[in-house]
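**Student:** Pasting the sequence and the predicted coordinates here, then a few questions.
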Amino acid sequence: MEQNFKNHARMVPGYHYVLVTLLLAGLGGSLVNLYRSGYTEAHYSAALICLLFLIAVFLTAFTRSFSLKAQDRAIRAEENFRHYVLTGKALPSALNIRQIVGLRFASDAEFPKLAEKAAKEGLSEKAIKLEIKNWKADTYRV
């Protein structure tokens, strides 16, 4: 299938739907369990279960954000190199990482001009993607 603006977002069902739903359901259930345990002998165990689910939620969120940061750094380096190969110059320093991430979908023919336009006009990532005429697929990012 050809990638374009409408279908480029990638969702991993096991992560985005199943894992997140199970974690939130488990956290909710553990909070209900903690509340219902009152101050009985079961309160300590219920509190530990809540703590474990909170740790799992934070761990899941942090591991996702860390991997996205690493991908963003790789994209910045790749796109800076691509711009250098095409123009002999580094990407404009006015571009932020979100703009560079949006630019990665531009074909080589439109990439340098779109990068300049994005830097001058402060285009958002979405606006950059909407400007792209010849979409260059990126199937590696999750």
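**Tutor:** Alright, I've got the coordinates. Numbering: from 1, shown residues only.

**Student:** Now do the longest helix seen in the chain: distance to the chain's middle.
**Tutor:** Ranked by residue count, the top helix of the chain under DSSP state H comes out as helix 42-87. Its chain's average C-alpha position is 8 Å from that of helix 42-87, according to C-alpha atoms, centre = their mean, to the nearest Å.

**Student:** quick one: average pLDDT of the helix or strand following that helix?
**Tutor:** Sequence-wise, the next helix or strand downstream of helix 42-87 (DSSP states H and E) is helix 97-103. Mean pLDDT, helix 97-103: 96.

**Student:** quick one: contacts of helix 97-103?
**Tutor:** Under the criterion C-beta atoms under 8 Å, 6 or more residues apart in numbering, residues 72, 75-76, 79-80, 91, 95, 111, 114-115, 118-119, 123-129 lie in contact with helix 97-103. Backbone N, C-alpha and C define where each C-beta goes, glycine included.

**Student:** And the helix or strand residue 28 falls within, what's buried?
**Tutor:** Secondary-structure assignment from DSSP H and E places residue 28 in helix 20-37. Residues of helix 20-37 classed as buried: 23, 26, 27, 30, 33, 34, 37 (neighbour count, 16 or more other C-beta atoms under 10 Å).

**Student:** my guess is the second one meets residue 53, correct?
**Tutor:** Translated: residue 26. Yes: using C-beta atoms under 8 Å, residue 26 makes contact with residue 53 at a distance of 5.0 Å.

**Student:** on that earlier part again, give me the buried subset of the contacts of helix 97-103.
**Tutor:** 75-76, 79-80, 91, 95, 111, 114-115, 118-119, 123, 125, 128-129.

**Student:** between those residues, which is nearest residue 136?
**Tutor:** For those, the residue nearest residue 136 by C-beta to C-beta is residue 111; the value is 8.3 Å.
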